[in-house]
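**Student:** The amino acid sequence is not available; the structure is as follows:
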């Protein structure tokens, strides 16, 4: 199984974040990076006002069910994809794009970082340009995409096989 980092960038919903924590725990993800305006649980030496960090932690816990205490995580204002790539990780975006390849056709390397983007607008072109590969989950129905937490589960299932 590959060594996987998940990068959740600009995810708005605490419920999606909690679900991503729980999914990461279930698939043995090595680290979860929460970046941008993604809400995150209480950190040691947290600089946020206590009532804010406590509220967000409780909301994330509703769907994470304790996984937020089990998955190593960090918060950063911006994802440092250059540093992650320098550490030997292939940066893989989960996004619909003209250059994306089907998740079915992708063979995961030993070390990969899976980049997730904002629920409605996805991953910015600026970040996509820094990725080695853009993966897309094939869709059959009429909706254009899966919920970000569901897509995370589908992708991690395929990538960890």
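**Tutor:** Thanks, I have the structure now. Just so it is clear, the model here is predicted, and its values are computed rather than measured.
**Student:** What ranges does the chain have for its strands?
**Tutor:** All strands of the chain, identified by DSSP state E, fall at 3-9, 31-35, 73-76, 90-94, 101-102, 111-116, 133-136.
**Student:** The fifth one packs against which elements?
**Tutor:** Using 3 or more CB pairs under 8 Å, 6 or more residues apart in numbering; DSSP states H and E as the contact definition, the elements that strand 101-102 packs against are strand 133-136. For the C-beta atoms, the positions are set from N, CA and C on the backbone; glycine is no exception.
**Student:** pLDDT averaged over the strand it packs on, what's the number?
**Tutor:** Model confidence over strand 133-136 averages 98 on the pLDDT scale.
**Student:** from what I can see residue 59 touches residue 39, true?
**Tutor:** Yes - judged on CB atoms under 8 Å, residue 59 makes contact with residue 39 at a distance of 7.3 Å.
**Student:** Give me the more crowded residue out of those two.
**Tutor:** Neighbour tally, residue 59 and residue 39, criterion other CB atoms under 10 Å: the higher count belongs to residue 39, 23 against 17.
**Student:** Surely that one touches residue 60?
**Tutor:** Yes - using CB under 8 Å, residue 39 is in contact with residue 60, at 6.6 Å.
**Student:** so how far is stretch 154-161 off the chain centroid?
**Tutor:** Its chain's average C-alpha position is 13 Å from that of stretch 154-161, according to CA atoms, centre = their mean, to the nearest Å.
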